[in-house]
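J.: would you be able to build a 3D model of this:
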Amino acid sequence: MVLSMNRWAGKVAVVTGASSGIGAAIADTLVEHGPILSKKGKLHAVKADITREEDILKAFRWIADNLGPVHVLVNNAGYMKEGLLTEGDTQKWKKEFDVNVLALCIATREAIGVMRTNDIQGHVIHINSTAGHAAPKAPKLNVYSATKYAVTALTETLRQELNTLQSKIKVTVT
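T.: Okay, the predicted model is just below:
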């Protein structure tokens with residue numbers, strides 16, 4: 001199957017966690033194929049601490065003021081700190097939930113709000129993990145699998161909510 005990215009040419013795509021790794025590769029691919037994010041597109045890096053709601057809100061305001069409404073959101077930011085659950089560190093657990101679950105929820109809420117306000121048939125993509133579909137036999141993942149299961153459940157909840165609202169916004173989990 002060949003997917004066309006032409007429908008996103010000239011549109012605004014937001015990728016969380018795009019400073020390195022998978023997020024950077026996603027951002028590069030989007031720039032290559034045209035969404036505003038050089039090549040066909042443009043990359044605008046907006047620094048935000050994804051664990052701070054005010055930073056996320058500030059980033060979305062900057063995007064709206066400087067680039068226009070969001071058409072695509074790729075929730076890619078993720079965090080994992082290995083350790084045994086039975087010996088876990090509460091602050092590390094909180095950071096995993098803050099990055100992997102709460103930041104995803106906040107960014108999704110903001111992007112969908114913009115899409116609905118502007119009648120945009122956008123797309124929200126949650127980058128997940130195999131650990132979000134089946135708990136791996138890896139005892140040192142502690143709460144990571146729980147956060148990724150949450151992403152799976154939140155995506156399905158969002159899909160049902162958007163269907164109830166008769167929204168044309170798409171949501172995907174990978």
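
J.: give me the pLDDT value at Leu141.
T.: pLDDT recorded at Leu141 is 85.

J.: list the contacts of it.
T.: By CB atoms under 8 Å, 6 or more residues apart in numbering, the contact set of Leu141 is 80, 82, 131. Glycine gets a C-beta too; all of them are placed from N, C-alpha and C.

J.: quick check: longest strand of this structure.
T.: Ranked by number of residues, the top strand in the chain under DSSP state E is strand 70-75.

J.: show me what the helix or strand bottoming out on mean pLDDT in the chain is packed up against.
T.: Ranked by mean pLDDT, DSSP states H and E, the helix or strand of the chain with the weakest confidence is helix 21-33, at a mean of 80. Counting contacts by 3 or more CB pairs under 8 Å, 6 or more residues apart in numbering; DSSP states H and E, helix 21-33 packs against strand 12-15, strand 70-75.

J.: downstream of that helix, the next helix or strand is which one?
T.: Of the helices and strands lying after helix 21-33 in sequence (DSSP states H and E), the nearest is helix 53-66.

J.: show me what that next one is packed up against.
T.: strand 12-15, strand 70-75, helix 103-117.

J.: what's the mean pLDDT across it?
T.: Mean pLDDT, helix 53-66: 96.

J.: could you check the angle the longest helix seen in the chain makes with helix 103-117?
T.: Secondary structure of the chain per DSSP state H: the longest helix is helix 144-164. With axes from the mean of the first three to the mean of the last three CA atoms, to 10 degrees applied, the angle from helix 144-164 to helix 103-117 works out at 10 degrees.

J.: tell me which residues in stretch 71-83 are buried?
T.: By 16 or more other CB atoms under 10 Å, the buried positions in stretch 71-83 come out as 71-81, 83.

J.: give me the neighbour count for the residue nearest to Cys105 when sequence neighbours are not counted.
T.: Counting by CB to CB, 6 or more residues apart in numbering, Leu154 is the residue found nearest to Cys105 once chain neighbours are left out, at 6.7 Å. The number of residues packed near Leu154 is 19, by other CB atoms under 10 Å.
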